[in-house]
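J.: 3D model of this:
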Amino acid sequence: MTWRTTGFTQQKKIFENLIKQDSLSHAYIFQGSEQIGKKLFAQDIFVLANGRKKFDAADPDLFSIAPCVAEGETKIYIENIRDLKAFLSLCPYRGPYQFAIIDDVHRLTPEASNAFLKLLEEPADKVIFILITSQPQELLQTISSRGQHISFLPHNDHVVSQALTASKLPKTDQDLVTSLAGGRIGWAMAAVENKNMKYIKQAISDFGTILKSPLAERMLFAKELFEKQDYRGQVNYWLAWAYANRSSLPNAHNVLSQLLMLHQYINQPQYNHRVLLENTLINL
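T.: Predicted coordinates for the structure are as follows:
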């Protein structure tokens, strides 16, 4: 069974009823676009189910797993699952539920997937697994079949805009973030919280210049961007801008295809990122 919605109010009401009826499933798979708010919603469910006043990442009844992207990691390893198993061997500290939230669960290594499957096959009482993914097709079928899938669809621009009203950004900047977010409320909030509007605008301006530049200048830009080591963020903003302006962007299909492939591969350390940048900019 899969639930679908463009807002989270309906979802929250469903979970509130399940909690009241003591009818929570032992495993849920939250699927949808990156930075759409799936993780924040999982944290809200933890707060609701355990009667907390607010979310606390250090809560003793919560165990969170995610790739250590800041340290260059893109996978979740069997050691992480062993730590989870040790956590689940304990009784709830405050309870009533223990929660395990696994972000980017599709990044489990094969060994980690097999180890995690054993935990899913023998769920302990009052243990809730929430598996978060933007690529549900990458999950082991045996894992996928043991969780209730909930699909999160993009928010409309009005919802994203409302979420930004509390920020101190000028209205024009709020409108820009809303258009770039593409319904991803998490993306929009991250853009505001990091106070990087100047960086976003510069990235967009640079990309517009690239599209009009000869090949030699594109190659030089790729080299300089790679050496600055901030190319992942820039590519993210290029892709958001290209998608938001796809109706007026010349050769939009090719530009989006190239950027999507680049976005995918530069998050994997086994590839030569400078070559990826150069090839993409040449082929735009």
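
J.: from here on, contacts and neighbour counts on C-alpha atoms
T.: OK.

J.: all strands for the stretch 101-250 of the chain, in order.
T.: Assigned by DSSP state E, counting those that start in this stretch, the stretch 101-250 of the chain shows strands spanning 127-133, 148-152.

J.: Confidence-wise, which of the ones you listed is weakest overall?
T.: Among the strands of the stretch 101-250 of the chain, strand 148-152 has the lowest mean pLDDT, at a mean of 91.

J.: Summarise which helices and strands it is packed against.
T.: If contacts are counted by 3 or more C-alpha pairs under 8 Å, 6 or more residues apart in numbering; DSSP states H and E, strand 148-152 sits against strand 2-5, strand 27-32.

J.: ranking the ones you listed by mean pLDDT, which is last?
T.: It's strand 2-5: among these, that one has the lowest mean pLDDT, namely a mean of 44.

J.: Contact partners for residue 35?
T.: Listed by C-alpha atoms under 8 Å, 6 or more residues apart in numbering, the contact partners of residue 35 are 184-187.

J.: Which single one of those is nearest to residue 31?
T.: residue 184 (13.1 Å; C-alpha to C-alpha).

J.: shouldn't that closest one be in contact with residue 37?
T.: Yes. The criterion here is C-alpha atoms under 8 Å, and residue 184 meets it with residue 37 at 7.1 Å.

J.: Quick check: which of the strands of the stretch 101-250 of the chain is buried the most?
T.: Of all the strands of the stretch 101-250 of the chain, strand 127-133 has the most neighbours on average by mean count of other C-alpha atoms under 10 Å, namely a mean of 24.

J.: in the protein, which residue is closest to the centre?
T.: Central residue of the chain (C-alpha atoms, centre = their mean): residue 34, 3.4 Å from the mean position.

J.: Three-state assignment for it, please.
T.: Following DSSP: H, G, I helix; E, B strand; the rest coil, we place residue 34 in the coil state.

J.: mind listing what the closest residue to it other than its chain neighbours touches?
T.: Once flanking residues are discounted, residue 34 sits nearest to residue 134: 5.7 Å by C-alpha to C-alpha, 6 or more residues apart in numbering. Residues in contact with residue 134 (C-alpha under 8 Å, 6+ apart) are 31-34, 104.

J.: let's see it at 7 Å
T.: 31-34 (C-alpha atoms under 7 Å, 6 or more residues apart in numbering).

J.: For those residues, pick the one with the most neighbours.
T.: residue 31 (23 neighbours; other C-alpha atoms under 10 Å).

J.: Assess the claim that it and residue 133 are in contact.
T.: Yes. Counting by C-alpha atoms under 7 Å, residue 133 is a contact partner of residue 31 at 5.0 Å.

J.: so where is the stretch 51-200 of the chain shaky, pLDDT-wise?
T.: For the stretch 51-200 of the chain, applying pLDDT under 70 flags the ranges 69-73, 194-195.

J.: now the helices for it?
T.: 78-88, 110-121, 141-144, 157-164, 171-181, 185-193, 197-211 (DSSP state H, counting those that start in this stretch).

J.: For residue 27, which of those is the nearest?
T.: Distance to residue 27, taken as C-alpha to C-alpha, is lowest for helix 110-121 among the helices of the stretch 51-200 of the chain, at 7.8 Å.

J.: how big is the angle separating that closest one from helix 78-88?
T.: Put simply, helix 110-121 runs at 20 degrees to helix 78-88, going by axes from the mean of the first three to the mean of the last three C-alpha atoms, to 10 degrees.

J.: for residue 96, phi and psi?
T.: phi -80, psi -10 (degrees, to the nearest 10).

J.: For burial, what's the neighbour tally of it?
T.: 14.

J.: Against residue 264, how distant is it?
T.: Using C-alpha to C-alpha, to the nearest Å, we find residue 96 at a distance of 39 Å from residue 264.

J.: Likewise for residue 222?
T.: From residue 222 over to residue 264 (counting by C-alpha to C-alpha), the distance is 17 Å.

J.: Equivalent analysis for residue 159, please.
T.: On the measure of C-alpha to C-alpha, residue 159 and residue 264 end up 28 Å apart.

J.: So the two - more neighbours on which side?
T.: residue 159 (16 against 9).

J.: got a pLDDT number for the residue nearest to the centre of the chain?
T.: 85.

J.: Can you give me the domain boundaries for this structure?
T.: The chain breaks down into these domains under automatic domain parsing: 2-152, 157-283.
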